[in-house]
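Trainee: could you look at this predicted model? Sequence included:
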Amino acid sequence: MLISDEGPGGARILRGPALPPWIRGITGETLVELLELAVARSSEQVALVMRDGDAVERWTYRELSEKTGRVAGTLERLGIGPGVRVVTWARNDPWLVAAYFAIWQLGAVVVPLDLRMTPDVAARIGRAAGASMLLADASVSVEEAESLEVPVVRVTREALDPAGSGDAVPSRAPGGPPDRGAGVKVTPDMLAEILFTSGTTSDPKGVMITHGQMIHNARIITLTAGGLRRERALALIPLSHAYGQMVPLFYGLISGSMAIYLAAMTPARLIDALQHDQVTAITVVPQFLELIMARIEGEARRRGSLDRLRRGRSLALRLHLPIAVRRRMFRDVLLGIGARHLETLSCGGARLPEELQLAWESMGVRVVQGYGATECAAIAGHTRQNRRPGTVGPPFADVEITIAPDGELLARGPNMTDGYWNRPRETAEMLAGGWVHTGDAATVDRHGEVVILGRTRDRIALPNGLKVYPEDVEDALLEGNTIRAAVVLEGAPGQLAAVIVPADHGTTDASIDAAVQGANGALAPHQRVRRWRRWPDADFPRTHTFKVRRAQVAGWYLGEVRRTGEAGGAARDRESG
């Protein structure tokens, strides 16, 4: 890693290693070439699996390519061509993958929506993108689909490939000129996708990502795996999210792996897929790891073996046992969740608590963490060889990072966005000085690895000049088994308050208060929680990547304070020492 003192305010710049020349030859320069090269290497290997109840559909790489060509033919006849924006609103499915690559083959642009978006948000994004078509699956009602006021095509074989073997947009030799019938030469600088970071306001922002930028992300993700490792990967992140595209899909195509999609995410379906497809890797967000670990510990508690489980995990870490030995130690635990073959958890999308990573690693499952932002996807991350808990790793290949004087992490490199769709003022602010302003506060440790402190907009500046990162306090509150989730905010000037989701419905206020006091004992005086309230539902409202909607939680808390009164009156807050 190279370090120089050229950043804003004289801060040092950390540069990731140079991209090795060999990787360009296996990815190509565009997403169209990426698929073509993957098919040439792994034609008869299984590329995609769809599990819908007892029904299982499997596509080889060759079948994916053939279906993509025919879907492109269908979309071309419906008027889709270079620069046209196509909104997708559908669950993970092989036909959605084929639609994505068909859109890119035509030089058009994907605008993905998360399935949980409301119709009014979807309509605002569709208008902002100037969409010409909506691809929607059966979970989107007729009324919801029509709210976008564009032609609707369903993500089904019947709609996308009506003839079953109809006319396809011709492909070409990787790196060669397009065939006469294709009509489009896709280049690295062409826009591939617009990812809207927020649709909750009346004026949503769309991040523009080109083919070349997405290809660079695919390359650096490949390097974290140490090369081409064929995997059986369970894809639990939506394709509407950049992370859901990069790791299980693009890296899967590069490595000749198999990506497995589930129509329904239930514990039974998950365990069924783990067992029958002998899953070796899962792409997840931290909350998923928390839920499965809670399931493991809940079963151990039921059997009276929770203490033994925790002692075993602690011993494995303390003795630095090899991964293979740990897997043998915890063989029965892994079998209990169907994870006999599971080797790697690829984790991103939110902050990963160090204790949670260590809990999984102690049982012989590697946790490879990545950090990025929609504006640049991958910035820094772990590799399978280096997974230091508490950090998100060093900068990726050809990526530069620096810390601004106010503590914000800045990044630049060939995977960084060119800006926001039709938003020149916001683009100028986000790219000020030639750096992407991530909005995350961070430091760099002595190993040259990035430690994320929290969002700069969430940072609490106390009247005495001290600053608090809520996630530090929240991590302390989550120690033990009493509190499942927490949001920390400034409830009154200079005083921290917490909104708390207990571990289960039967958790008493006294137990919560004891947990808060225990956390306070491990925190600095300015970090201590003075008041707390119990959240009324089973969990906080979350985004499609399971991040807590902090503003909504804070708004509820402040509304409750106004409604019931503050300290000194008829306060309903629980005070904690």
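Mentor: Okay, I see it.
Trainee: make it CA atoms for all contacts and neighbour counts henceforth
Mentor: Noted.
Trainee: the stretch 351-500 of the chain: strands as residue ranges?
Mentor: Ranges of strands within the stretch 351-500 of the chain are 366-373, 377-381, 400-403, 408-412, 419-420, 436-444, 450-455, 460-461, 467-468, 483-492, 495-502, based on DSSP state E, counting those that start in this stretch.
Trainee: would JSON lines of those with mean pLDDT, distance to residue 255 and mean neighbour count be doable?
Mentor: Formatted as JSON lines, those follow (pLDDT from 0 to 100; distance: least, C-alpha to C-alpha, whole Å; neighbours: other C-alpha atoms under 10 Å):
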{"stretch": "strand 366-373", "mean pLDDT": "89", "distance to residue 255": "17", "mean neighbour count": "24"}
{"stretch": "strand 377-381", "mean pLDDT": "87", "distance to residue 255": "18", "mean neighbour count": "26"}
{"stretch": "strand 400-403", "mean pLDDT": "95", "distance to residue 255": "26", "mean neighbour count": "26"}
{"stretch": "strand 408-412", "mean pLDDT": "94", "distance to residue 255": "27", "mean neighbour count": "24"}
{"stretch": "strand 419-420", "mean pLDDT": "95", "distance to residue 255": "30", "mean neighbour count": "22"}
{"stretch": "strand 436-444", "mean pLDDT": "91", "distance to residue 255": "30", "mean neighbour count": "20"}
{"stretch": "strand 450-455", "mean pLDDT": "86", "distance to residue 255": "27", "mean neighbour count": "20"}
{"stretch": "strand 460-461", "mean pLDDT": "83", "distance to residue 255": "44", "mean neighbour count": "16"}
{"stretch": "strand 467-468", "mean pLDDT": "84", "distance to residue 255": "43", "mean neighbour count": "18"}
{"stretch": "strand 483-492", "mean pLDDT": "91", "distance to residue 255": "37", "mean neighbour count": "22"}
{"stretch": "strand 495-502", "mean pLDDT": "94", "distance to residue 255": "41", "mean neighbour count": "23"}
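Trainee: how about JSON lines for those, with distance to residue 25 added?
Mentor: Formatted as JSON lines, the strands of the stretch 351-500 of the chain follow (distance: least, C-alpha to C-alpha, whole Å):
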{"stretch": "strand 366-373", "distance to residue 25": "24"}
{"stretch": "strand 377-381", "distance to residue 25": "21"}
{"stretch": "strand 400-403", "distance to residue 25": "23"}
{"stretch": "strand 408-412", "distance to residue 25": "24"}
{"stretch": "strand 419-420", "distance to residue 25": "28"}
{"stretch": "strand 436-444", "distance to residue 25": "28"}
{"stretch": "strand 450-455", "distance to residue 25": "30"}
{"stretch": "strand 460-461", "distance to residue 25": "47"}
{"stretch": "strand 467-468", "distance to residue 25": "47"}
{"stretch": "strand 483-492", "distance to residue 25": "45"}
{"stretch": "strand 495-502", "distance to residue 25": "50"}
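Trainee: out of those, which comes closest to residue 58?
Mentor: strand 366-373 (27.3 Å; C-alpha to C-alpha).
Trainee: run through who's touching that closest one.
Mentor: If you take C-alpha atoms under 8 Å, 6 or more residues apart in numbering as the criterion, strand 366-373 is touched by 343-349, 352, 357, 360-361, 377-384, 387, 392-393, 438.
Trainee: that strand pairs with which strands, parallel or anti?
Mentor: strand 344-347 (parallel), strand 377-381 (antiparallel) (DSSP bridges).
Trainee: from the middle of its chain, how far away would the first one be?
Mentor: Chain-centre distance of strand 344-347: 11 Å, with C-alpha atoms, centre = their mean, to the nearest Å.
Trainee: how far off strand 366-373 does the host helix or strand of residue 302 point, in degrees?
Mentor: Residue 302 belongs to helix 286-303 when assigned by DSSP states H and E. Between the axes of helix 286-303 and strand 366-373, defined by axes from the mean of the first three to the mean of the last three C-alpha atoms, to 10 degrees, the angle is 150 degrees.
Trainee: which intervals of this protein have sub-threshold pLDDT?
Mentor: Applying pLDDT under 70 to the chain flags residues 1-9, 165-183, 198-203, 227, 544-545, 565-577.
Trainee: domain-wise, how is it divided?
Mentor: Annotated domains of the chain cover 17-276, 281-340+343-455, 460-575 [automatic domain parsing].
Trainee: out of those domains, nearest to residue 10?
Mentor: Nearest of the domains of the chain (C-alpha to C-alpha): domain 281-340+343-455, 8.9 Å.
Trainee: now the end-to-end length of the closest one.
Mentor: Start and end residues of domain 281-340+343-455 are separated by 29 Å (C-alpha to C-alpha, to the nearest Å).
Trainee: do the same with stretch 134-154
Mentor: 8 Å.
Trainee: other residues contacting that stretch?
Mentor: Counting by C-alpha under 8 Å, 6+ apart, 86-91, 115, 119-120, 122-124, 126-127, 131-133, 155-156, 159-160 sit against stretch 134-154.
Trainee: and stretch 330-350, by the same measure?
Mentor: For stretch 330-350, contacts defined as C-alpha under 8 Å, 6+ apart pick out 243, 247, 271-272, 274-275, 278-286, 296, 363-372, 545-547.
Trainee: need the buried ones from the residues you listed selected in ChimeraX.
Mentor: For the buried members of the contacts of stretch 330-350, the matching ChimeraX selection, counting by 16 or more other C-alpha atoms under 10 Å, is:
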select :243,247,271,272,274,275,278,279,280,281,282,283,284,285,286,296,363,364,365,366,367,368,369,370,371,372,545,547
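Trainee: so where do the helices sit in the stretch 1-150 of the chain?
Mentor: Assigned by DSSP state H, counting those that start in this stretch, the stretch 1-150 of the chain shows helices spanning 22-27, 31-42, 61-77, 94-105, 119-129, 142-146.
Trainee: can you name the residues bridging to the spatially closest residue to residue 400 that is not a sequence neighbour?
Mentor: Closest residue to residue 400 apart from its sequence neighbours, by C-alpha to C-alpha, 6 or more residues apart in numbering: residue 15 at 4.4 Å. Note on residue 15: beta-bridge partners residue 2, residue 400, judged by DSSP bridges.
Trainee: so residue 15 sits right up against residue 380, yeah?
Mentor: No. In this structure residue 15 lies outside contact range of residue 380 using C-alpha atoms under 8 Å: 10.4 Å.
Trainee: could you verify that residue 218 is part of a helix?
Mentor: Yes. Per DSSP: H, G, I helix; E, B strand; the rest coil, residue 218 lies within a helix segment.
Trainee: correct me if wrong: it contacts residue 246.
Mentor: Yes. The pair residue 218 and residue 246 qualifies as a contact (C-alpha under 8 Å) at a distance of 5.9 Å.
Trainee: who has more neighbours, the two?
Mentor: With neighbours defined as other C-alpha atoms under 10 Å, residue 218 and residue 246 compare such that residue 218 has more, 27 against 23.
Trainee: roughly how far apart are the more buried one and residue 29?
Mentor: 11 Å.
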